[in-house]
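Enquirer: generate coordinates for the sequence data below:
(chains A and B)
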Amino acid sequence: MRDRSESDRLKKETWLQRMMRRPEIGTFAVMIIIIASLALASDGRAFNALGLKNNIAIVAQFGIIATGAAMLMIAGEFDLSIGSMIGFAGMSMAMMLKWGLPFGLGEATPFMAFAITMAMTLGFGWIIGTVVVRSGLSSFIVTLAFLFFLRGLTEVCYRWINQSTQISGLPDYKETSWFADFLGGEVFGWFYDFWFFAGGNVNRRGEQWVEGFDARFLWWLLIAFAAYYVLSRTRVGNWIFATGDSKESARANGVPVNSVKIGLFMFTAFCATMFAACQVFDTNTSDAAKGNLMELYAIAIAVVGGTLMTGGFGSIVGVAFGAVTVGLVANAVFFIPWIDGSWFRVFLGAILLAAVFANESIRKRITGGI
Amino acid sequence: MAKPPYMRVENLVKRFGPFTALGGVSLDVHAGEIHALLGDNGAGKSTLIKTLSGVHEPTEGQIYIEGAPVEFKSPRDATNAGIGTVYQDLAINPLMSVTRNFFMGREIANAFGTLRMKEMDGITRDEMLKIGIDISDPSQAVGTMSGGQRQTLAIARAIYFGAKILILDEPTSALGQKQQMEVLKTVMRVRSRGDIAIIFITHNEIHSKLVGDRYTFLALGKVIGSGTRNSLAGEDIRRLMAGGAEIADLEKELSEI
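Expert: The predicted structure follows:
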């Protein structure tokens, strides 16, 4: 009895047990099941050269905004304005490309359009964050206000300047601007080159079929890796966890809680803008409905990935698995002709609910049931 | 004891509008000693702690540290002056690991903000071990620790970050019997270092008798009794604890009901 201490009651675990306790394990299992069943049901078409490219494109879109949403949720806040921010950013860039810079400052280069838009959206992110931390209001209601405000503003600007709620037929800036190519072009060409070289990736004429992934794949990887690194390895990451777990405790220990939150609202705005920029420069079009409902998908994926609704806990790796899962199911209708596309939402609703219960049990396990 | 006190509080008054929360409290705190601060609910213990730790500014009176007068405008001033307060809620986050809690807001990082996790894990384990708790895994979530272990974590953290005066706000309340003893042992280990003065707030007379070197009793914002361990008899402590009422009186009143 004497030589027994309380810490002896914590059992030593093997590597496998540790892995099984990882919060991402559930999402990982679901992802593997989805990949396998999609490959089977589509006769492998979902993962042939073009299928893979198209699937990765939507996975990356989801991944970019879900990473932002998850980081913010870990700090204990929500952002419902992500979708409207995407619409606003897309409008802003396309409008400048078509009608020139504001105040008659001449033609807009893709870089200028992007930079000015990013400055505006980061500004909005800062305003949202400041309103939330200064007023103490729930971020749910503040960002809901910005959901309507930004979507309305986007539509008004379209009709006022452009007389139509869509812009199409912009020149293909990817051919003239390295910057546009950087956002809307193709990446990892070597992967498809190698695939062709190895005998696959051939079209009907016997030429190389697909040249590369969409650039947003690279952006997703960069954003997710940066978020992972910041969250798990840096001082700021510790502040984010601390802010979401208990704001008062964090503040009592000198964590700059308000700056953390404002910074993360700016980060979700950044992610929304990257989403929009990749879309605009890829398709050379934009319209007022872009990004609709995306804030809800972003939150759903963050939760499916193991992020706690109450903050303080989450995993960027889990969110990446969640983005793959949800992205593949969203796209499944294109590869399985006999399936009704609306099953996607049925599935999303079901795994979302399952994930909430799973996350709650993880939280209980970590905190010893309190 | 000829040694001057590490901290001296002289005639501290704190008024909130018409309400006098502290009506002139004086006390001395010595390094290597435990100063037990006792009093019933509403006696002004919390106000006194908050004034000493910079949350409230005193209306009148003066605090001296090592003989020099000090003024705290904010909790940060008090922390910088070496006052470490461990509140009842401990300011600990249950979902985060022991190490992440230990260094919360004061992380060790390189120039790019990257954490030196190994170094931090090592320090956490060593500091916890110094005051008697061996945590096998500093990456375990604090939520898995017992109340006593959490208390120890908060105390170890305050000491590591330079507390010379440790204010413990009811550290044994809301704990089980065995864990209360663990916390008392921890407090005694801190005392035996000799360089830290401890203010131990409690309304448990048994605990205060077990560890206290000096006693101050508060009732309705005033000191109603004080003394060293030797100068106070057990009966005094009990009487003062009850705000000056005699147990015999109470027995009589009870029997009349």
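Enquirer: quick check: residues of the stretch 1-150 of chain B near chain A?
Expert: Within the stretch 1-150 of chain B, the positions lying close to chain A (CB under 8 Å from any CB of the partner chain) are B:75-76, B:87, B:89-96, B:100, B:103-107, B:109, B:112-115, B:117, B:133-137, B:140-141, B:143-146, B:148-149. For every residue, glycine as well, the C-beta is placed using N, CA and C.
Enquirer: quick check on those residues: which are buried?
Expert: B:75, B:87, B:90-96, B:100, B:103-105, B:107, B:109, B:115, B:117, B:133, B:135, B:137, B:140-141, B:143-146, B:148-149 (16 or more other CB atoms under 10 Å in any protein chain shown).
Enquirer: among those residues, which ones are in helices?
Expert: Secondary structure from DSSP state H places B:P75, B:R100, B:M117, B:G148, B:Q149 of these in helices.
Enquirer: nearest spatial neighbour of the second one, skipping sequence neighbours?
Expert: Right, B:R100. Spatial nearest neighbour of B:R100, chain neighbours left out: A:N238 (5.5 Å); criterion: CB to CB, 6 or more residues apart in numbering or on different chains.
Enquirer: so where's chain A shaky on pLDDT?
Expert: Regions of chain A meeting the criterion pLDDT under 70 cover residues A:1-13, A:21, A:367-370.
Enquirer: again, only using 80
Expert: Scanning chain A for pLDDT under 80 picks out A:1-23, A:104, A:362-363, A:365-370.
Enquirer: tell me the centre residue of it?
Expert: Centroid-nearest residue in chain A, with CA atoms, centre = their mean: A:I65, separated by 2.2 Å.
Enquirer: am I right that that residue is in a strand?
Expert: No: according to DSSP: H, G, I helix; E, B strand; the rest coil, the state of A:I65 is helix, so it is not within a strand.
Enquirer: how about the nearest residue to it, chain neighbours excluded?
Expert: A:A298 (4.1 Å).
Enquirer: please, which helix or strand holds the one you found?
Expert: helix A:294-304 (DSSP states H and E).
Enquirer: name the element residue 157 belongs to?
Expert: Defaulting to chain A. helix A:139-157.
Enquirer: correction: the question concerned chain B.
Expert: With DSSP H and E as the criterion, B:R157 is inside helix B:147-160.
Enquirer: what residues of the helix holding A:A298 count as buried?
Expert: Buried residues in helix A:294-304 (16+ other CB under 10 Å): A:M294, A:E295, A:Y297, A:A298, A:I299, A:A300, A:I301, A:A302, A:V303, A:V304.
Enquirer: quick one: the strands in the chain?
Expert: No chain in the question, so chain A it is. A:166-167, A:186-187, A:213-214, A:286-287 (DSSP state E).
Enquirer: chain B is the one I meant
Expert: Going by DSSP E, chain B shows strands at B:7-16, B:19-29, B:34-39, B:60-65, B:68-70, B:83-86, B:165-169, B:197-202, B:214-219, B:222-228.
Enquirer: pull out the buried positions in the shortest one.
Expert: Within strand B:68-70, the residues that qualify as buried by neighbour count (16+ other CB under 10 Å) are B:V70.
Enquirer: against A:L296, how distant is A:F275?
Expert: Applying CB to CB, to the nearest Å, the value for A:F275 to A:L296 is 14 Å.
Enquirer: B:A31 too?
Expert: 59 Å.
Enquirer: try A:I223
Expert: 20 Å.
Enquirer: for A:I116, same thing?
Expert: A:I116 is 28 Å from A:L296, by CB to CB.
Enquirer: how far does stretch A:207-215 sit from the chain's center?
Expert: Computed by CA atoms, centre = their mean, to the nearest Å, the chain-centroid distance of stretch A:207-215 equals 23 Å.
Enquirer: apologies, that question was intended for stretch B:194-210.
Expert: On CA atoms, centre = their mean, the centre of stretch B:194-210 falls 8 Å from the chain's centre.
Enquirer: quick one: contacts for the residue in the stretch 51-200 of chain A positioned nearest to chain B?
Expert: Closest residue of the stretch 51-200 of chain A to chain B, CB to the nearest CB: A:I74 (9.9 Å). Contact analysis of A:I74 by CB atoms under 8 Å, 6 or more residues apart in numbering or on different chains lists A:L231, A:I240, A:F241, A:G244, A:T307, A:L308, A:G311, A:G312, A:F313, A:G314.
Enquirer: I'd like those as JSON lines, with neighbour count appended.
Expert: Formatted as JSON lines, the contacts of A:I74 follow (neighbours: other CB atoms under 10 Å in any protein chain shown):
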{"residue": "A:L231", "neighbour count": "20"}
{"residue": "A:I240", "neighbour count": "28"}
{"residue": "A:F241", "neighbour count": "27"}
{"residue": "A:G244", "neighbour count": "30"}
{"residue": "A:T307", "neighbour count": "30"}
{"residue": "A:L308", "neighbour count": "23"}
{"residue": "A:G311", "neighbour count": "22"}
{"residue": "A:G312", "neighbour count": "26"}
{"residue": "A:F313", "neighbour count": "23"}
{"residue": "A:G314", "neighbour count": "27"}
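Enquirer: so which of those residues sit within helices?
Expert: A:L231, A:I240, A:F241, A:G244.
Enquirer: related to what we said a few turns ago, would you turn the strands of chain B into JSON lines with mean pLDDT and distance to B:M128?
Expert: Converted to JSON lines, those look like this (pLDDT from 0 to 100; distance: least, CB to CB, whole Å):
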{"stretch": "strand B:7-16", "mean pLDDT": "90", "distance to B:M128": "26"}
{"stretch": "strand B:19-29", "mean pLDDT": "89", "distance to B:M128": "25"}
{"stretch": "strand B:34-39", "mean pLDDT": "89", "distance to B:M128": "20"}
{"stretch": "strand B:60-65", "mean pLDDT": "91", "distance to B:M128": "27"}
{"stretch": "strand B:68-70", "mean pLDDT": "91", "distance to B:M128": "30"}
{"stretch": "strand B:83-86", "mean pLDDT": "89", "distance to B:M128": "14"}
{"stretch": "strand B:165-169", "mean pLDDT": "92", "distance to B:M128": "16"}
{"stretch": "strand B:197-202", "mean pLDDT": "91", "distance to B:M128": "18"}
{"stretch": "strand B:214-219", "mean pLDDT": "88", "distance to B:M128": "28"}
{"stretch": "strand B:222-228", "mean pLDDT": "83", "distance to B:M128": "31"}
